[in-house]
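Colleague: what's the 3D shape of this:
(3 chains)
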Amino acid sequence: MASSTTDNSGCVTTRSMSELWLIGQTEPCLPQNVLPTYGQVLRTVLHNTKILKKQKTISYSVQQTVDDLLRIWSNARVPVALRQNIVTKMNALVDEYNLLKKNKGRCSATQSDRETVFKNKLSIIFDIADKDADRMIKIEEDRIFLTDQRGPRLMKMAGIDKNLTRQEERSRQRKEAEYERRKREQTRKAGEASVTVSTWQESGSESNDSMDSLDTDHDDYEIEIPVYYKKQVADSLRPHENEPKKPRILQTMLNSSDVSSTLDRINLSDRKFTVLAAAIARANGEDVGTGSLSRSTVHRKRSLHRSMIETDVREEFRTRSKSVAVIHWDGKIMENSTDKNNPKAATDRLAVVVSGLELEKMLGIIKIPSGTGEAQAHATMQLLLLWERFKKAWPNIDQTVYRPLDDPRVDDPSDPFLQELKHATVSFLQNMLLAKSGYMPREDYREVTELCLLILNTSVCDQPYSFRAPGAYHLARWMAKLNYSFKIYLFRDQFKVTPKELKSLREFCLFASLIYVKAWIAAPVTCDAATNDLVLFREICQYARINKAVADAARQKLEKHLWYISPELISFALFSEKVPVSEKRSIVRAMSQAGDDWSDRAIKLEDCTDLAVKELHALVAASSTSALRSIGIDISFLHVDPETWNDLPAYVQAKSVIGAIKVVNDSAERSVALMNTFNKSITKSETEMQTLLQVVEDNRKRIPDSQKSTLTSYKTRGSADSAGSSTRT
DNA sequence: CCATCCGTGGCTCTCTTACG
DNA sequence: CGTAAGAGAGCCACGGATGG
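Modeller: This next block holds a predicted model:
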């Protein structure tokens, strides 16, 4: 606010000055649309005497206030008591207040009781109605109004509702402040004018006269102004020469998208930056009052810059040369901070990242909108609660005593399906563990593998397996879910779980250990993805015999994720070791029959019917060949028999290209971590969140560390900086 | 005169801390 | 150990200021 705190004298008052003990801010006049309360009357009386300091006595002020009061009551058409009685009543009020104030230092119970009583009294009506008023009032509406004013005090005159009155009250206060400001501004301008005159006429007396005529109150501030303007006038005589460069760091900071993006990156709130900006500007010798600086301004500017940077980043990404790129995604359950209706609900966030040659770009982090996503999020959240319990119980659990899966269905001799699965899984996982450790993408994969083997009652190594303590669940959602469930299930004897929980845990572990883990672990191998997915799909269909509900749910889920057997990617199967040569021949034949038509795009496999009995070559479509060609692979080997492909350099090279495409989600997981950091800060709106994440990613990329060399040389984004500031000036 | 900008108040929510 | 209070956050609406 412009009213400076240095003005301790004169007509300008500060809030702290007009603050009175126990009753708050003084009021220059009574409220016009209600019947005033004790508090309002007292505040007005004291305003006239204490604040204005016009040498008005208490009794004079009381008289004035009584007049005002009578006018208001007559507006309300309520008959009032005799004037003399009102004056007496008001004097008594002032006396009571003064007496109370005199003893305010005392800490006795009596005093505090008195204060409370008095405080309560402040908010009730200062009743000056005639004692027969109720009988005398003819209009029913007026009677209701008086009754209301004596009680809840909700009504206002002329039927104005409460909100409107509050607005009016605000508006009135604004007008008052504005009036004071304008008065000072006039004084200041008068000072300026007079100085100009005085420099011309070499006479200072006139300026004093003009100021006197304008305002009788002088203070330091008003006196200083002419000096300043004298300097200005003096400077204007020789312009562009000695003019001190006005520091404009405030504007520059606000208009710099670089500053804005850095703020986003370091997760600084609007308000904090507002304070910081003021401090910086002041350190730079700039008057904060001249520029625009408020939390709202900062908020708007940041929002603006965010969207600008985002469009910039997107445009840059769109126009850059395209090469082979892969989409990664990774999900995590987190609290849905951008949903206003239900902020505590869990949602499934899916980070989508595209990576390729010298390129890694986060496309966005989306909410999974589908019902299954929500249901899954809900389920996982439930599991998290269980997990929390388990974590607490962990220290008391004997790690050497665990019980593997003991479901009778596995050993059912009438149905060998599960047993076959078990054998396949165990041998697969053991191979996996024995294979060169480099194959394990990450440690948590290994853990899941080992847990799975334990579930299937297979020893992992000679010595007793040492379990990891349950950690934070910052893992990818499936990984986490597998991890929790396996561990809890293994120690189900030592950890209290409800029968219902146990049942669902068993179902989950059965399915996961026999089918899911195998597919999950094998998923990173690009070349085998197609055939793996197909096998997985078949297994799930067969699993319906064991548990139809689980199988159906899994199949529905999988049907949405069958990218690798979509027409465009099915050709990757040509490079798989797992696909028999005969099948490869069929695929090639199908490809040559289907032609090479890029226009028929099909990223997603639409038709899932009969998938369980289809072979890979049945999924080939027109875009299969062209997709292969489009990523820069020499497809000449297609004309040769698959038997001899491994001898062809073109094939070997193509295979390495395909194999190099990462299916593992490191980058996506980084993005998830990013999302996690900003989940509950800076913004609450979804679109802002998206732009924010883009901005932060961009900033992190441009400024990877805080070394001086980095800081001095990083490329700033957005040339609109200077344009922005110039338009403002 | 109108469009746009700016600052403030107010709302709701979360997180921390002090207190009983 | 639970709870109330307070601080701090984002965001929206509103009204005044301002500049073309």
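Colleague: now do A:R306 against A:L254, distance only.
Modeller: According to CB to CB, to the nearest Å, A:R306 stands 14 Å off from A:L254. The C-beta positions use only the backbone N, C-alpha and C, and glycine is treated the same way.
Colleague: do the same with A:F491
Modeller: Distance from A:F491 to A:L254, by CB to CB: 57 Å.
Colleague: compare the two (neighbour count), which wins?
Modeller: Using other CB atoms under 10 Å as the criterion, A:F491 and A:L254 rank with A:L254 on top: 25 against 20.
Colleague: contacting residues for that one?
Modeller: A:A277, A:G291, A:S292, A:L293, A:T297, A:V298, A:K301 (CB atoms under 8 Å, 6 or more residues apart in numbering).
Colleague: just the buried ones from the residues you listed?
Modeller: Among the contacts of A:L254, those classed as buried by 16 or more other CB atoms under 10 Å are A:A277, A:G291, A:L293, A:V298, A:K301.
Colleague: now, which of these lie within strands?
Modeller: Of the buried ones among the contacts of A:L254, none are assigned to strands by DSSP state E.
Colleague: among those, find me the one that's closest to DNA strand C.
Modeller: Taking CB to the nearest atom of the strand as the measure, DNA strand C lies nearest A:V298 of the buried ones among the contacts of A:L254, at 8.4 Å.
Colleague: is the closest one in contact with A:F273, as I believe?
Modeller: Yes. Using CB atoms under 8 Å, A:V298 is in contact with A:F273, at 5.4 Å.
Colleague: so which of the buried ones among the contacts of A:L254 is the closest to DNA strand B?
Modeller: A:L293 (5.1 Å).
Colleague: quick check: pLDDT value at that closest one.
Modeller: pLDDT for A:L293: 78.
Colleague: contacts only, for it.
Modeller: Taking CB under 8 Å, 6+ apart as the test, what A:L293 contacts is A:L250, A:L254, A:T274, A:A277, A:A278, A:A281.
Colleague: just put the residues you listed in JSON lines and tack on pLDDT and distance to DNA strand B.
Modeller: What follows is the contacts of A:L293, written out as JSON lines (pLDDT from 0 to 100; distance: CB to the nearest atom of the strand, whole Å):
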{"residue": "A:L250", "pLDDT": "76", "distance to DNA strand B": "10"}
{"residue": "A:L254", "pLDDT": "78", "distance to DNA strand B": "8"}
{"residue": "A:T274", "pLDDT": "81", "distance to DNA strand B": "9"}
{"residue": "A:A277", "pLDDT": "82", "distance to DNA strand B": "11"}
{"residue": "A:A278", "pLDDT": "81", "distance to DNA strand B": "11"}
{"residue": "A:A281", "pLDDT": "80", "distance to DNA strand B": "12"}
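Colleague: how about the residues you listed in TSV, adding distance to A:V87?
Modeller: Output for those, formatted as TSV (distance: CB to CB, whole Å):
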residue	distance to A:V87
A:L250	55
A:L254	57
A:T274	50
A:A277	54
A:A278	50
A:A281	54
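Colleague: a markdown table for the residues you listed, including distance to DNA strand C?
Modeller: Converted to a markdown table, those look like this (distance: CB to the nearest atom of the strand, whole Å):
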| residue | distance to DNA strand C |
| --- | --- |
| A:L250 | 16 |
| A:L254 | 15 |
| A:T274 | 8 |
| A:A277 | 13 |
| A:A278 | 13 |
| A:A281 | 18 |
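Colleague: fine by me, thanks again.
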